[in-house]
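Chemist: Return a 3D structure for these sequence lines:
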Amino acid sequence: MDKAGVVLVSNRGPVSFSESDAGFDYKKGAGGLAGAMDPVARELGQQAVWIAAATSDADRKAAAEGALDDLPDELGYRVRFLDIEPDAYAQYYDVVSNRMLWFANHCLWDELGLGAFGDEELEAWKSAYLPVNEIFARAVLEETKPDDLILFQDYHLTVAPQLVRRERPEQTIFHFTHSSFCAKGLDRVPEPVRRGVVEGLLGADLLGFHVAPWVDAFLELCQAMDLDVDRERGRVTHRGRTTWVRAYPIPIDAAALQELARSETVHTWGERFLDEVTGPVVVRADRTEPSKNIVRGFEAFGVLLDRRADLRHVTFFACLYGSRQTMDEYQQYLVDIEETIASVNERHPDAIRMFLKDDYERTLGALSIYDVLLVNPIMDGMNLVSKEGVAVNRRNGALVLSKGAGSFQELGDFAVQIEDALDVEATAEAIERALELSVDERRAALESERAAVEATKPEDWIYAQIEDLEAIADERAPVTPVSGR
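Modeler: Okay, here's the model as predicted:
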């Protein structure tokens, strides 16, 4: 890293702006992507630039009026916001990225009762998703030198690697997918989209996914498309070029999170929760996202209370926050959540208590005091809540974890497992087993889970990618081994 720069490219940037009487204020971006990349970008300093879309009117205005010019002094690296026409952005973001591709990556077709996508989505792909990816690609080309390393992030930018490759055949390019990856999920999207996604990604030298199952699913899809796949070496050859595929499990900053959890506000929230209950506490913390499988989790808790009168003193705290409420499927899912809670609480008054607001300190307070943490996604790229919970819990809580969570690869051996996340009775039985574990069993499991979570830091994640890119630039295989080989 002595000479080459690093260009980070994502839909959302490391900061978001709001207007104030004094001009513009900004706050750090939320989520695992920003949390993992920002510390490394700060360390790289002038070697790094972060390119992202201006996702609000305040972002666009801040960029136009030069508010980003001060960020290098405060962050240590440059940020460039792209001003994308709002209607095109909505089609690229909502229709293609967050509806078609997100649902495909999580195999949610049957879950949401969706048929195949058609002309409307294909038109959004052609008129918005491809042009927006071209805007990102042009910005990358403007900001980079041929020996720089380019790191594209997520399913919003699947085509951009190939667009940059056409202009710079020798550029070293990486793409990381922050969701799960379902090989059969792309079956119901129009053929130009399916092929465009795969060939766009194969414009990169290196592809990253969170865990081995998502790597295997991508290679499986490539094989189904009759591409040249070498599963033993973890690579795909297409049009005379090789793309390596590796797993990079995203960590949390456990030490920073534990420090925050010791704050007075978080501790007070934890004590408030405990003051409201007379028995064990079950907790979940999620976006109201169908892949998180929230409804079945509540149904399972209701089933458990129906047949176990002796467990009706257990209280379920749910810290949720709305997600993508511009989309019909997400609006309906929130209704389903509220109706399921009402049904359980009608049978067992006040058994489930939901907080529908993004209050991170309150959520950490709940995570710090759970006896059981329920994490039961259908599919989830990683699931940072499972890692955050075991990092901050102070009551030797048990983790209930479904196999569809990417974090299962690291934590599953120590958790109470849900084999089939769609099975409500199996989920109820898992919660039941967790509640019946002895204190010693819970303590031993939590210590093992915490050790796994504390073993890596966010900077380890991105530096592993950079090390592999440097190896590829030197015409060597990636240092990271093929997962499971």
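
Chemist: you'd agree Ser16 is in a helix?
Modeler: No. Applying DSSP: H, G, I helix; E, B strand; the rest coil, one finds Ser16 to be strand, outside a helix.

Chemist: Bridge partners for it, pull those for me.
Modeler: Taking DSSP bridges as the rule, Ser16 bridges to Lys27.

Chemist: Just the buried residues of the lowest-mean-pLDDT helix or strand in the chain, please?
Modeler: Here the helix or strand of the chain ranked lowest by mean pLDDT, DSSP states H and E is helix 32-44, holding a mean of 81. Going by neighbour count (16 or more other CB atoms under 10 Å), the buried part of helix 32-44 is 32-38, 40-41, 44. C-beta: built from backbone N, CA, C; applies to glycine.

Chemist: Tally up the residues packed near Val282, please.
Modeler: Per other CB atoms under 10 Å, the neighbour tally for Val282 reads 26.

Chemist: oh sorry, the question was meant for Arg476
Modeler: Neighbour count of Arg476, defined by other CB under 10 Å: 10.

Chemist: thinking again about what came up before, return the member of the buried residues of helix 32-44 nearest to Pro377.
Modeler: For the buried residues of helix 32-44, the closest approach to Pro377 (CB to CB) belongs to Gly32, at 14.5 Å.

Chemist: Assign His175 to helix, strand or coil.
Modeler: Per three-state DSSP, His175 ends up strand.

Chemist: Please report phi then psi for Glu111.
Modeler: Backbone torsions of Glu111, given as degrees, to the nearest 10, read phi -60, psi -40.

Chemist: Near it, how many residues? Count them for me, please.
Modeler: Counted with other CB under 10 Å, residues neighbouring Glu111 total 17.

Chemist: Just the closest of the buried residues of helix 32-44 to Phe414, please.
Modeler: Once CB to CB is applied, the member of these that ends up nearest Phe414 is Gly32, at 21.1 Å.

Chemist: The residue lying closest to Ala128 once chain neighbours are set aside: how many residues sit nearby?
Modeler: Leaving aside its sequence neighbours, Ala128 sits nearest to Gln91 (CB to CB, 6 or more residues apart in numbering; 3.4 Å). When neighbours are counted by other CB under 10 Å, Gln91 registers 23.

Chemist: quick one: contacts for Gln91?
Modeler: Counting by CB atoms under 8 Å, 6 or more residues apart in numbering, Gln91 touches 124, 127-129.

Chemist: Please name the residues that touch the nearest residue to Gly397 once chain neighbours are set aside.
Modeler: The shortest distance from Gly397 to any residue other than its chain neighbours is 4.3 Å, reached at Tyr370 (CB to CB, 6+ apart). Residues in contact with Tyr370 (CB under 8 Å, 6+ apart) are 281-283, 317, 389, 393, 395, 397.

Chemist: one more time with 6 Å
Modeler: With contact set as CB atoms under 6 Å, 6 or more residues apart in numbering, Tyr370 has these partners: 281, 283, 397.

Chemist: How about Gly203?
Modeler: Counting by CB under 6 Å, 6+ apart, Gly203 makes contact with 161-162, 165.

Chemist: re earlier: which of the contacts of Gln91 are buried, as a ChimeraX select command?
Modeler: Applying 16+ other CB under 10 Å to the contacts of Gln91, the buried members can be selected in ChimeraX as follows:
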select :124,128,129
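
Chemist: between the helix or strand that the least confident helix or strand of the chain is followed by and helix 32-44, what angle do the directions make?
Modeler: Using DSSP states H and E, the helix or strand that follows helix 32-44 in sequence is strand 48-53. Going by axes from the mean of the first three to the mean of the last three CA atoms, to 10 degrees, strand 48-53 is angled at 150 degrees with respect to helix 32-44.

Chemist: tell me what strand 48-53 is packed against?
Modeler: For strand 48-53, the packing partners by 3 or more CB pairs under 6 Å, 6 or more residues apart in numbering; DSSP states H and E come out as strand 6-9, strand 78-82.

Chemist: Return the most buried member of those.
Modeler: Ranked by mean neighbour count, these are led by strand 6-9 with a mean of 26 (mean count of other CB atoms under 10 Å).

Chemist: List the buried residues in stretch 460-474.
Modeler: The neighbour-count check on stretch 460-474 (16+ other CB under 10 Å) flags 461-462, 464-466, 468-472 as buried.

Chemist: Then stretch 405-422?
Modeler: Across stretch 405-422, burial judged by 16+ other CB under 10 Å covers 405-412, 414-418, 421.

Chemist: Reformat these as TSV; add pLDDT.
Modeler: Below are these laid out as TSV (pLDDT from 0 to 100):
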residue	pLDDT
Ala405	98
Gly406	98
Ser407	98
Phe408	98
Gln409	97
Glu410	97
Leu411	98
Gly412	98
Phe414	98
Ala415	98
Val416	98
Gln417	98
Ile418	98
Ala421	98
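
Chemist: Would you format those as JSON lines with distance to Gly185 and secondary structure included?
Modeler: Below are the buried residues of stretch 405-422 laid out as JSON lines (distance: CB to CB, whole Å; DSSP: H, G, I helix; E, B strand; the rest coil):
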{"residue": "Ala405", "distance to Gly185": "17", "secondary structure": "strand"}
{"residue": "Gly406", "distance to Gly185": "15", "secondary structure": "coil"}
{"residue": "Ser407", "distance to Gly185": "20", "secondary structure": "coil"}
{"residue": "Phe408", "distance to Gly185": "19", "secondary structure": "helix"}
{"residue": "Gln409", "distance to Gly185": "19", "secondary structure": "helix"}
{"residue": "Glu410", "distance to Gly185": "23", "secondary structure": "helix"}
{"residue": "Leu411", "distance to Gly185": "24", "secondary structure": "helix"}
{"residue": "Gly412", "distance to Gly185": "22", "secondary structure": "coil"}
{"residue": "Phe414", "distance to Gly185": "29", "secondary structure": "coil"}
{"residue": "Ala415", "distance to Gly185": "25", "secondary structure": "coil"}
{"residue": "Val416", "distance to Gly185": "28", "secondary structure": "strand"}
{"residue": "Gln417", "distance to Gly185": "24", "secondary structure": "strand"}
{"residue": "Ile418", "distance to Gly185": "21", "secondary structure": "strand"}
{"residue": "Ala421", "distance to Gly185": "16", "secondary structure": "coil"}
